[in-house]
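**Student:** sequence first, then the predicted structure:
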Amino acid sequence: MLKVFRITLGALLAIAGVVLTIIPGSSLLVLVGLVVLSYDVPKARVWLKVVQGSMQRGAKKLDTFLLARKLRKRC
């Protein structure tokens, strides 16, 4: 019963995150959904690593952009 609940909850969170990609922060729903799914679905672990890598690359790009913008304002 608990396994079915986790799979259902994880799937709903992941789908909601994908559907709401327009809204900032929705990628966290995908991440949380995959974390919940990864307990019972081995393939979800693979996708979790992909999403984590993608979020890490995005964060680095955003940091670089914001730093460059901050430095331009100083000059």
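**Tutor:** On my side now, so go ahead.

**Student:** buried stuff in the one helix or strand in the chain whose mean pLDDT sits lowest?
**Tutor:** Every helix and strand in the chain was compared by mean pLDDT, DSSP states H and E; the lowest is helix 26-38, with a mean of 84. Residues 27, 29-38 are the ones in helix 26-38 that count as buried (16 or more other Cβ atoms under 10 Å). C-beta here means a position set from N, CA and C on the backbone, and glycine is covered the same way.

**Student:** which strands and helices lie in contact with the helix or strand that that helix is followed by?
**Tutor:** Downstream of helix 26-38, the next assigned helix or strand under DSSP states H and E is helix 42-74. Under the contact definition 3 or more Cβ pairs under 8 Å, 6 or more residues apart in numbering; DSSP states H and E, helix 42-74 sits against helix 26-38.

**Student:** count the neighbours of residue 19 for me.
**Tutor:** Residues lying near residue 19 (other Cβ atoms under 10 Å) number 12.

**Student:** relative to residue 11, how far out is it?
**Tutor:** From residue 19 across to residue 11, the span is 12 Å (Cβ to Cβ, to the nearest Å).

**Student:** again with residue 55
**Tutor:** For residue 55, the distance to residue 11 equals 20 Å [Cβ to Cβ].

**Student:** so where is the chain shaky, pLDDT-wise?
**Tutor:** The chain contains residues with pLDDT under 70 at 24-26, 75.

**Student:** only alpha carbons, please: show the helix or strand harbouring residue 10 as CSV.
**Tutor:** For residue 10, the element it lies in under DSSP H and E is helix 2-19. Only the C-alpha atoms of helix 2-19 are listed here, as CSV (Å, rounded to 0.1, in the frame of the first residue of the first chain):
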residue,chain,number,x,y,z
LEU,A,2,2.8,2.4,0.9
LYS,A,3,4.7,1.6,-2.3
VAL,A,4,1.6,2.4,-4.4
PHE,A,5,1.2,5.7,-2.6
ARG,A,6,4.8,6.7,-3.1
ILE,A,7,4.7,5.8,-6.8
THR,A,8,1.4,7.7,-7.3
LEU,A,9,2.6,10.7,-5.3
GLY,A,10,6.0,10.8,-7.1
ALA,A,11,4.4,10.5,-10.5
LEU,A,12,1.9,13.3,-9.8
LEU,A,13,4.7,15.6,-8.5
ALA,A,14,6.9,14.9,-11.5
ILE,A,15,4.1,15.4,-14.0
ALA,A,16,2.9,18.6,-12.3
GLY,A,17,6.5,19.9,-12.4
VAL,A,18,6.7,19.2,-16.2
VAL,A,19,3.3,20.7,-16.9
